[in-house]
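J.: curious how this folds, go ahead:
(chains A and B)
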Amino acid sequence: MTPEDWQTLWLTIWTAAAAVALILPPGAALAWLLARKRWPGKTLVETLVALPLVVPPVATGLVLLKLLGRRGPVGGWLYQTFGWEIVFTWKAVVVALAVMSFPLLVRSLRTAFEGVPVRLEGIARTLGRGPWNVFWTVTLPLARRGLAAGVVLSFARALGEFGATIMVAGFISGKTSTLSLSIYQLVQTGQDAHAMKLLGISVVLAFAALWISELLTRRRQPS
Amino acid sequence: MSLILENLRLPLADFALEVNVELAAPVTGLFGPSGAGKTSLLEVVAGLRRPTAGRVQLHGRVLDDAAARQHLPPERRQVGYVPQDLALFPHLNARANLEFGHAPGSPLPSAKVVDILELAPLLDRRVHHLSGGEKQRVALGRALLASPAILLMDEPLSSLDQRLRQRVLPYLQAIRREFSIPMIYVSHARDEIEMLCDEVLEIAGGQCTRRS
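T.: Numbers count the residues shown, from 1 in each chain, chains lettered A, B, ... in the order given. Here you go, the predicted model:
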């Protein structure tokens, strides 16, 4: 592997990890609300959250480009307020990965929370613990395997993201060149052998992530 | 004990639970067929269900008042509840289950509860390594250690065979004798009710049909 390949691998891993870290708190909160509460507009939110799963990733990327560009409503504000440029930087990679992994994370975490008997939470409250305390001492520990599996699955999804990332971050060597973008770029420039090497790395990474997720889910089932 | 259930109404799947009663005996038995609304009534008192009408008042303190939209959350009621399925926390061992609701400075010393219910040999065991009777005692101990103002027990012996029932019953009698905590005891079995309760309320189809 060349130093550039290592750089590509490292960029892919840390942007995927940063994206999952970014969406974990809001994703967990939303998953809990969807699993445990009834509220007006719940179906609408569920549909909106699932949209990136079915809309072409390139289309999601285009929406992000328009929103986060220097003239876009969000990007313009960030640039004027903090001087941050988002599109065509590593930040755009993280945002694209975060948006594309969000639906999968919320779905997995929701299933994990739904697997915790509401009854145990109720009994914990009769023992003098408030709702927040019950969440930390009962819900979270009992859902932990499902939560971990969801996090790993979302991370795996982020590792392979292409369409939205190329749209909003472009291919800038060393800055936004994740594994999938690099494979595409190498094939475009006729370096198929090199592309195959990166393909092998991608497969190993994805396999490891899915394997871990599967192990966590299986261990969760008997209890 | 002073538990007032005033014009209480809770719609259930096939009928509505409608109760208007004042309970004053130290131990009241709730007796009735399956699906009569006994568990739902306990859940209302524990704060796990919210009545659509009526008031619940325990020792002069209003727990629910539907008209005033008042509902005290379960953690502020001081109502100990031992459900039929026991609901022990599977991720904790027996000791952690017992200590879950035990507040520091609680008037009830944990050593006494552990002693009376003979829990010492079980403390370090995982919940899924306990037998039915042992789980029962841990669930009772856990509810007691939260220093409840009233203890609700929902068919605590129903999952046990006759032999285990005879072994656990004395523990319930010991709780009654040693802790003087008012209790509501739900059961299908007349003999249990007769052994433990001072007063019996019969419930059918969500209504109190008899008091004796």
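J.: between its first and last residues, how far does stretch A:128-139 reach?
T.: 16 Å (CA to CA, to the nearest Å).
J.: what segments of chain B are helices?
T.: B:38-46, B:94-99, B:110-116, B:132-145, B:162-179, B:190-196 (DSSP state H).
J.: that should have said chain A, apologies.
T.: So, for chain A - with DSSP H - the helices run A:3-36, A:42-54, A:57-68, A:73-82, A:90-114, A:118-126, A:131-134, A:140-159, A:163-169, A:179-188, A:192-220.
J.: I'd like these as a markdown table, with distance to B:N93 appended.
T.: The C-beta positions use only the backbone N, C-alpha and C, and glycine is treated the same way. Shown next, in a markdown table, are these (distance: least, CB to CB, whole Å):
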| stretch | distance to B:N93 |
| --- | --- |
| helix A:3-36 | 26 |
| helix A:42-54 | 37 |
| helix A:57-68 | 47 |
| helix A:73-82 | 49 |
| helix A:90-114 | 23 |
| helix A:118-126 | 15 |
| helix A:131-134 | 19 |
| helix A:140-159 | 13 |
| helix A:163-169 | 47 |
| helix A:179-188 | 45 |
| helix A:192-220 | 19 |
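J.: let me have the ones you listed in TSV, extended by distance to chain B and mean pLDDT.
T.: Converted to TSV, the helices of chain A look like this (distance: least, CB to the nearest CB, whole Å; pLDDT from 0 to 100):
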stretch	distance to chain B	mean pLDDT
helix A:3-36	14	94
helix A:42-54	20	92
helix A:57-68	38	95
helix A:73-82	39	93
helix A:90-114	14	95
helix A:118-126	4	95
helix A:131-134	8	94
helix A:140-159	5	91
helix A:163-169	38	94
helix A:179-188	37	94
helix A:192-220	12	86
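J.: can you redo the ones you listed as TSV with mean neighbour count?
T.: Putting the helices of chain A into TSV (neighbours: other CB atoms under 10 Å in any protein chain shown) gives the following:
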stretch	mean neighbour count
helix A:3-36	18
helix A:42-54	13
helix A:57-68	19
helix A:73-82	13
helix A:90-114	24
helix A:118-126	21
helix A:131-134	14
helix A:140-159	23
helix A:163-169	25
helix A:179-188	19
helix A:192-220	15
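J.: tell me which of these lies nearest to B:L144.
T.: Relative to B:L144, the nearest member of these by CB to CB is helix A:118-126, separated by 12.4 Å.
J.: out of the helices of chain B, nearest to chain A?
T.: helix B:38-46 (5.1 Å; CB to the nearest CB).
J.: that closest one: how far from the chain's middle?
T.: Chain-centre distance of helix B:38-46: 9 Å, with CA atoms, centre = their mean, to the nearest Å.
J.: same question for stretch A:162-181.
T.: Worked out by CA atoms, centre = their mean, stretch A:162-181 lies 16 Å from the chain centre.
J.: can you check stretch A:206-223 too?
T.: On the basis of CA atoms, centre = their mean, stretch A:206-223 sits 17 Å off its chain's mean C-alpha point.
J.: next one: B:P156 from chain A, what distance?
T.: Distance, B:P156 to chain A, using CB to the nearest CB, to the nearest Å: 14 Å.
J.: whoops, I mixed them up, B:V21
T.: Relative to chain A, and taking CB to the nearest CB, B:V21 is found at 22 Å.
J.: quick check: pLDDT value at the residue in chain B that chain A sits nearest to.
T.: The minimum distance from chain B to chain A, using CB to the nearest CB, falls at B:G101 (3.0 Å). We have a pLDDT of 85 for B:G101.
J.: what about it, how many residues nearby?
T.: Using other CB atoms under 10 Å in any protein chain shown, the number of residues around B:G101 comes to 23.
J.: ok, now which ones touch it?
T.: A:126-129, B:142-143, B:145-146 (CB atoms under 8 Å, 6 or more residues apart in numbering or on different chains).
J.: how about these in JSON lines, adding distance to B:H128?
T.: As requested, these are exported to JSON lines (distance: CB to CB, whole Å):
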{"residue": "A:T126", "distance to B:H128": "22"}
{"residue": "A:L127", "distance to B:H128": "20"}
{"residue": "A:G128", "distance to B:H128": "25"}
{"residue": "A:R129", "distance to B:H128": "22"}
{"residue": "B:R142", "distance to B:H128": "16"}
{"residue": "B:A143", "distance to B:H128": "20"}
{"residue": "B:L145", "distance to B:H128": "21"}
{"residue": "B:A146", "distance to B:H128": "23"}
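J.: name the nearest of the residues you listed relative to B:V200.
T.: The closest of the contacts of B:G101 to B:V200 turns out to be B:A143 (CB to CB; 21.7 Å).
J.: could you give the bridge partners of the spatially most central residue of chain B?
T.: Centroid-nearest residue in chain B: B:L152, 1.5 Å away (criterion: CA atoms, centre = their mean). Per DSSP bridges, the residues bridged to B:L152 are B:Y81, B:I184.
J.: I'd like the distance between it and B:F179.
T.: B:L152 sits 14 Å away from B:F179, going by CB to CB, to the nearest Å.
J.: same check, this time on B:D65
T.: 29 Å.
J.: A:V45 too?
T.: As for A:V45, its distance to B:F179 is 48 Å (criterion: CB to CB).
J.: equivalent analysis for B:A143, please.
T.: 11 Å.
J.: do the same with B:G80
T.: 10 Å.
J.: got the residues of chain B near chain A?
T.: Within chain B, the positions near chain A by CB under 8 Å from any CB of the partner chain are B:46-48, B:73-75, B:77-81, B:83, B:85, B:87, B:89-91, B:100-101, B:103, B:142-143, B:146.
J.: so who does B:L108 touch?
T.: So B:L108 contacts B:144-145, B:147, B:179 (CB under 8 Å, 6+ apart).
J.: just flag the most distant two among the residues you listed.
T.: B:L145 and B:F179 (10.7 Å).
J.: the two - which one has more neighbours?
T.: Ranked by neighbour count (other CB under 10 Å), B:L145 and B:F179 place B:L145 first, with 24 against 17.
J.: the more buried one reaches B:N97, doesn't it?
T.: No. The criterion here is CB atoms under 8 Å, and B:L145 misses it with B:N97 at 9.7 Å.
J.: overlap in contacts, the two.
T.: In contact with both B:L145 and B:N97: no residue, using CB under 8 Å, 6+ apart.
J.: residue of chain A closest to chain B, please.
T.: Nearest residue of chain A to chain B: A:L127, at 3.0 Å (CB to the nearest CB).
J.: and that residue, what does it touch?
T.: A:L127 makes contacts with B:75, B:100-101, B:142-143, B:146, as judged by CB under 8 Å, 6+ apart.
J.: what does B:P156 give?
T.: Residues near B:P156 by CB under 8 Å, 6+ apart: B:82, B:84, B:136, B:139-140, B:168, B:172, B:185.
J.: so what's A:A169 up against?
T.: A:A169 makes contact with A:87-90, A:92-93, A:96, A:176, A:181 under the criterion CB under 8 Å, 6+ apart.
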